[in-house]
Structure formats: C-alpha cells, structure tokens
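Novice: Kindly generate the corresponding structure for this input.
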Amino acid sequence: MHSLIRRAAFAIGLAAGLALGQSDPLVSKTISRIIADDAGFWAFSADGLQFSRIDPFPAVLDIRNGSAPFKAGIRGGLGRTSTALVFFNYPQADTVTVGGLASLDRAGKTKTDTVAFFRSAGNTGVTVGVELSAIALWHDTLIVGAGTAGIAVTGAKAEGEGAVAGDSLIFRALPDGEDTGVAAIRCAVNNKNKCPVSALTAVAEKIGSPDSVSVLAVDSSADSVWLLIGTHTGLRRGLLSGNSFPKVSLPAIKPSSPIRIESIHVDAARNILWVFSGSEYFFSGDHGATFHKPPRIAGVASAPDSLTGFNPAPEAVNVGDTSFVNFNLDNNPGLVLFRKDTILANSGAGNFSDVIFDAADGLPIQQGQGRLTTLAVAKQGGQTALAAGTTSRGILLRKTGGSNTGLWTDVNSLKGLKGGLQEVITFPTLFSGTARDGSPEYVNLGYRLKKNGRVTITVYNYAMEKVATIVKSAKRNGGGGRSENPGEDRWDGKDSGGRHVSIGTYYILVESDQGEKGWGKAIAVHGRGL
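Specialist: Numbering: from 1, shown residues only. Sure thing, here's the model as predicted:
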C-alpha cells in the first residue's frame, strides 16, 4: 500500500476526462504546499514542480494542472491577485547555487528572475548556507531571505511580469548577537556574473556568524510596518523601513538557547500573530512586541502546553477571528481552533475532540492516514474556502458562506460530471504492470452511480482501439458511496490476450445500462518488449 501511494505521488493526475471537458483531477495525493491567491489555490506536489490551480467556489471544483519549468521544485511562495510568487534553488556546480524567484500565472505563463551565489571551493563555513530561503511581500515591496546572507528589501515587479523590479539585490547579513544588519553582498539579477559570498566570512570573523533566515512575514500596526524574521537562532523584529532587527524574547526560551523559527502567521487586521518553532508555539496580541504561550483552559485535556511533538511545525490561517492551526502530534493529524490565543473547546471527534469548535471543523483524517503539511484560505465575496494539504490524501477542503457551506470534503474524491456518472478515479495513474517485488500491480477504479445498474468497464488505447474489457454487465449499486469493487474494478495492465500493454496512455470507460458513463486515464511506464 505504501509503495502504491509513493508511486501515485509522482503522477500527473489521478483521472482525466475525455471530450467531456471537466476539470482535471488533483495533481497528486501528496501536497507539499498550498498557496492562496484571490482566485483560489495553487497546490504543489511533493516534487515542487507539478501543481494544480484550484477554483474552489463554483458548485463543482475547477482544477487545472500544470508543471513549473524550473530545474528544481519550489521551496516556498505566496499568492497575489491571480498569480503565485515562488522561489527555488538548484546547484549549478559544486560551488555555485542558483536561486530563482518566479511569477506563475493561471494561464501557464512564467517569468523568472535569478541570482547565482558563488563560494570558494572547499569552503564549509557560513557561505555554504547561502541560498534563497524565504520571501514576503508588502504592497510593492519585496523582501527576500537568503539563508546566512540575510535579507534584501527591494521593489517588486507588477503582477505577472516577474519578481524583482531592480537589477540587483543587496543582502544584509544578520550577525548573531548584533541588532543591525550588515550590507555584505550585492547580487546582480539575471546576470551570468556570479555573486561572491566570501564577504560573509569576513563578517563572521569580525562580528559573528550570521543568523540563517528561514521565514519572513510582515505585520502592520496603526502607524508602523514591521518585518518579522525567523532564523535558526530565534525571532527578529524591526521596522520594514529600518536596518535594526533585534532578537525578540520568547517565553521560557533562554537567550543562550537558540530556537529555530519555522513558520509565522500574521493577521494584522485582527492583531493576531503566531510563531512556530519545531517544538514550541507563541502568540502575540501587540504586533510582535511581546509574546506569550496560549493560556490553559479548564476542562480541556489537550491544553496548549501539551500540544507538542510537532512534525512538521504547524501552520495557521484565519477565517474571521478564528485561527485554524494544523498539528501533527505523535503521528496524530488534526486541527486546533483558537479565538485569539484561546482554544475553542467544544464538541468534536477523535484525538482532537476537546479542542475543536464543532464537529464540522474536524478533519476527516485519522492516525495512519498521513500527515498534514500545509494550510491556506481563499476568499471571494461572502465565501471562504479552507484547504489543508496532506501527505497521502491530497487536499481536504471546506467551504463556508453562500450556498456552499458544508463539511470537509476530500478533493481526491469524486466530482460531478455532465451525463450523470461521477468522475472515474484511477490510481495509480502511472503504473509499471508489476511491482518491484514481482507481484502484479493494478490500476484501481472508483466511481459513483446515481442509480443501481449493470456496469461495463472497457480499456482503450490512445487511438481509441479497444484493449480489454475489465467487467461486463456487473451489478453495482448507486445512490451511496463510491461504487468500487476491489476484486473486479481494477486493471492489471494486460490486453484481452493476457499480454502486458505497451508504454503509453490508456483511457478507461465506465458505463452503466442506466445511461451513466465517465472516463479515467492510466499511463503505462513499462510495457511489452521492454
């Protein structure tokens, strides 16, 4: 089962319509990152290259898949109006790391700006940690983190035109124990000239080794705009327009005990600021001037100080004044809801029964079904969509507002199609015909009928020539859950003569005698004669 999921994680899709014009299925069951823009979500697979653009607000989800034309998968990003601004790195040579900042739009166009970081051969000091590591955006100001190189504040290009407005990035290193950033490296943008980072060695020798930037966020109060910098030794905070970023005191953390900050969530309008390390989390109600741990609530078993053992560090999003925080606690995935810094204790189910606001807020995922990876929220008019990424179940989605209010749904589950039959799910999409241990590998099929009927499942090749009939006039029930018969509704990758098919794309038609039908797709990556 685990090998099946692992193979499916690299599939370009779990099913596809043929001539019916429905949207694509989700690009992968392993979603490493979700980015929200004003039009919906960008969901990235584990490799950081394959993505799904999702419009969650129609009655039937609209999903369009694509692939980023980079040499490496994205490391992070943020959403704008209708584009995603992302960053990535790849090694060009043993001593050169190329960082890229790219704008992806929903029409599939990409604009990329690059910098090339060069370190001396054999250097294993502070310069090894120089690569793009974080970005933040405040109106038309772009903030770029580059590991031990620190931060660069520059102008952002207009949406869809790229990332960096200027021709260079000046990175300010943040020496440990110092408040003021030190201008150490100037990197030309989109230039073949390498950006020498040897200056960081001199900074380390003179002032101290620079902190490595891991995450950035911007907060704003009535009269100030604050830049929050998460590093491998703690949290820094200073005016976005300034050059002083002193360490922020975090409760129960000794100044001499470094703590890596891994994620930051800001809702400036509601004065909500969450900071997460790999083992602790903190709340600020004054835009980051001071932090405290959420208070213990009487009668709540999973009090804030017991929510430890993260893997990975949690993320948070806001729906109104409620913060949703995704925790993976000792392999138990779930959401915890807060109103400001206070856990909402009410009814629920499972391991998080005492810390979710209502049963509808509980995720339909249990221990052993993978981990939660990322959270995002998209808003359109009076509607809100909350998306939770997972390692094995794709995206779990919940919509509120208007006529779309409902429980959580699994985006990998079935979507309505014209013609009555719900979408045909085929998994894995990429298959080899035999598993590594020599046992047969099957393409499993799932679908949902409206009415009871007799189902015939037929496989066609790319030329629409009939390859095999999987079942013929088999009784299947409708009106309930997915109509899936594991023993029969599957294809072993062989034709009607019992021979393995050739490499290529195959379409699978499911049709019932009640007039319902739908298509799925499978791709053979090994085949006859190979």
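Novice: Would you mind naming the residues that bridge with residue 173?
Specialist: residue 182 (DSSP bridges).
Novice: how far away is it from residue 315?
Specialist: 28 Å (CB to CB, to the nearest Å). Backbone N, C-alpha and C define where each C-beta goes, glycine included.
Novice: try residue 121
Specialist: The gap separating residue 121 from residue 315 is 38 Å, by CB to CB.
Novice: ok, back up a step: more neighbours: which of residue 173 and residue 315?
Specialist: residue 173 (28 against 24; other CB atoms under 10 Å).
Novice: I'd say the more buried one and residue 203 touch.
Specialist: Yes. Counting by CB atoms under 8 Å, residue 173 does reach residue 203; the two are 5.1 Å apart.
Novice: per-residue confidence at residue 321?
Specialist: As predicted, residue 321 sits at a pLDDT of 84.
Novice: Could you do residue 27 as well?
Specialist: In this model, residue 27 carries a pLDDT of 83.
Novice: Could you find the closest non-adjacent residue to it?
Specialist: Computed as CB to CB, 6 or more residues apart in numbering, the closest residue to residue 27 that is not its neighbour in sequence is residue 52, at 4.3 Å.
Novice: wait, that neighbour sits on residue 65?
Specialist: Yes. At 5.2 Å, residue 52 counts as touching residue 65 under the criterion of CB under 8 Å.
Novice: Any idea what residue 79 is bridged to?
Specialist: Bridge pairing for residue 79 - DSSP bridges - gives residue 84.
Novice: Distance check, it against residue 341.
Specialist: Following CB to CB, the distance that separates residue 79 from residue 341 is 26 Å.
Novice: higher neighbour count, these two?
Specialist: Neighbours were counted for residue 79 and for residue 341 using other CB under 10 Å; residue 79 has more, 21 against 17.
Novice: dump the residue contacts of the more buried one.
Specialist: The contact partners of residue 79, by CB atoms under 8 Å, 6 or more residues apart in numbering, come to 35-38, 42, 85.
Novice: and what of residue 458?
Specialist: 466, 468-470, 508-509, 511.
Novice: how about a cut-off of 6 Å?
Specialist: Listed by CB atoms under 6 Å, 6 or more residues apart in numbering, the contact set of residue 458 reads 469, 509.
Novice: thinking again about what came up before, okay, residue 52 and residue 65: which has more neighbours?
Specialist: residue 52 (27 against 20).
Novice: Hmm, the more buried one is touching residue 29, no?
Specialist: No. Under the criterion of CB atoms under 6 Å, residue 52 is not in contact with residue 29, lying 11.5 Å apart.
Novice: circling back: which residues do residue 173 and residue 203 both contact?
Specialist: With CB under 6 Å, 6+ apart as the test, residue 173 and residue 203 both reach 182, 184.
Novice: What strand or helix carries the nearest residue to residue 163 once chain neighbours are set aside?
Specialist: Closest residue to residue 163 apart from its sequence neighbours, by CB to CB, 6+ apart: residue 101 at 3.6 Å. In the assignment (DSSP states H and E), residue 101 maps to strand 96-105.
Novice: Between strand 96-105 and the next helix or strand after that strand, find me the angle.
Specialist: Using DSSP H and E, the helix or strand that follows strand 96-105 in sequence is strand 110-118. Strand 110-118 and strand 96-105 are oriented at 160 degrees to each other (axes from the mean of the first three to the mean of the last three CA atoms, to 10 degrees).
Novice: Domain map for the protein?
Specialist: The chain breaks down into these domains under automatic domain parsing: 26-48+294-411, 425-524.
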